[in-house]
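A.B. asks: below: sequence and its predicted model.
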Amino acid sequence: MLNKKSANGTVVDRVRPIGLETSKEIQHFGTVARLPIALDASICAASVDNLNQVLADTKTLADMYKKHHWQVSGPSFYQLHLLFDKHFKEQSDMVDALAERIQSLGGVSIAMAHDVAEMTLIPRLPRGREAVPVQISRLLHAHEIILKEARAMARQAAEDGDDGTNDLLVSDVIRTNELQVWFLGEHLVEAPVPM
């Protein structure tokens, strides 16, 4: 709270925090508001459910990248530190695109960490620091979970005529995750020692 002394020396409140305000939700999670986007409500609802799952898993993967960015060690520290941060940024950008697509379908996007933790299909990581091969293996497993669900969901969106969701899943989610898998996987390949 910012205070300012008045001319007579008394303290005057300039800014007062609003108390814990509550109100009724204007839209419950799991519901779809009807928007004039030329898609049936049932199609929007199915896409919203699917996208919220991908969103929860993508937020989890982004957090994994940031954790490993902070905790990576060893001879490849610098390269992996930079790579993990780059992948974190790309996953974070995808989180935003997924949430915006959910909202544009009339849904409510999952947003809070505790809700994401309840929803994600990605196994929880230990709090401690792990060796680089374990970090990479965990990241690869998380990518595989997302890629499996994104492919199935993209097919469903295409069958339903939800081209926007299909495009997001194929062009952004699948392609980005495949590229990141390639970059990560190359760190686990045994290279011949130069003579």
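C.D. replies: Structure's in. What do you need? Just so we're clear, the structure is a prediction, and the values are computed from it rather than from any experiment.
A.B. asks: go through the protein and flag its longest helix.
C.D. replies: Counting by DSSP state H, the longest helix found in the chain is helix 41-71.
A.B. asks: give the buried residues for that helix.
C.D. replies: Neighbour-count burial for helix 41-71 flags 43-48, 50-69 (criterion: 16 or more other Cβ atoms under 10 Å). C-beta: built from backbone N, CA, C; applies to glycine.
A.B. asks: by contact count, what packs against it?
C.D. replies: helix 77-104, helix 113-119, helix 132-160, helix 163-167 (3 or more Cβ pairs under 8 Å, 6 or more residues apart in numbering; DSSP states H and E).
A.B. asks: for those helices, which one sits closest to residue 173?
C.D. replies: Residue 173 lies closest to helix 132-160 among the helices and strands packed on helix 41-71, at 4.5 Å (Cβ to Cβ).
A.B. asks: quick one: that closest one to chain centroid distance?
C.D. replies: 13 Å (Cα atoms, centre = their mean, to the nearest Å).
A.B. asks: averaged pLDDT, the longest helix of the chain. What do you get?
C.D. replies: Across helix 41-71, pLDDT averages out at 97.
A.B. asks: same check on stretch 121-140?
C.D. replies: The model assigns stretch 121-140 a mean pLDDT of 95.
A.B. asks: how about it, which residues are buried there?
C.D. replies: Buried residues in stretch 121-140 (16+ other Cβ under 10 Å): 122, 125, 130, 132, 135-136, 138-139.
A.B. asks: could I get the CA-only coordinates of stretch 81-92 as PDB?
C.D. replies: The C-alpha trace of stretch 81-92 is given here as PDB (Å, rounded to 0.1, in the frame of the first residue of the first chain):
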ATOM      1  CA  HIS A  81      21.000 -25.200 -20.900                       C
ATOM      2  CA  LEU A  82      20.400 -23.100 -24.000                       C
ATOM      3  CA  LEU A  83      18.400 -25.900 -25.800                       C
ATOM      4  CA  PHE A  84      16.100 -26.500 -22.900                       C
ATOM      5  CA  ASP A  85      15.400 -22.800 -22.600                       C
ATOM      6  CA  LYS A  86      14.700 -22.600 -26.400                       C
ATOM      7  CA  HIS A  87      12.300 -25.500 -26.200                       C
ATOM      8  CA  PHE A  88      10.700 -24.000 -23.100                       C
ATOM      9  CA  LYS A  89      10.000 -20.800 -25.000                       C
ATOM     10  CA  GLU A  90       8.500 -22.700 -27.900                       C
ATOM     11  CA  GLN A  91       6.300 -24.800 -25.700                       C
ATOM     12  CA  SER A  92       5.200 -21.700 -23.800                       C
END
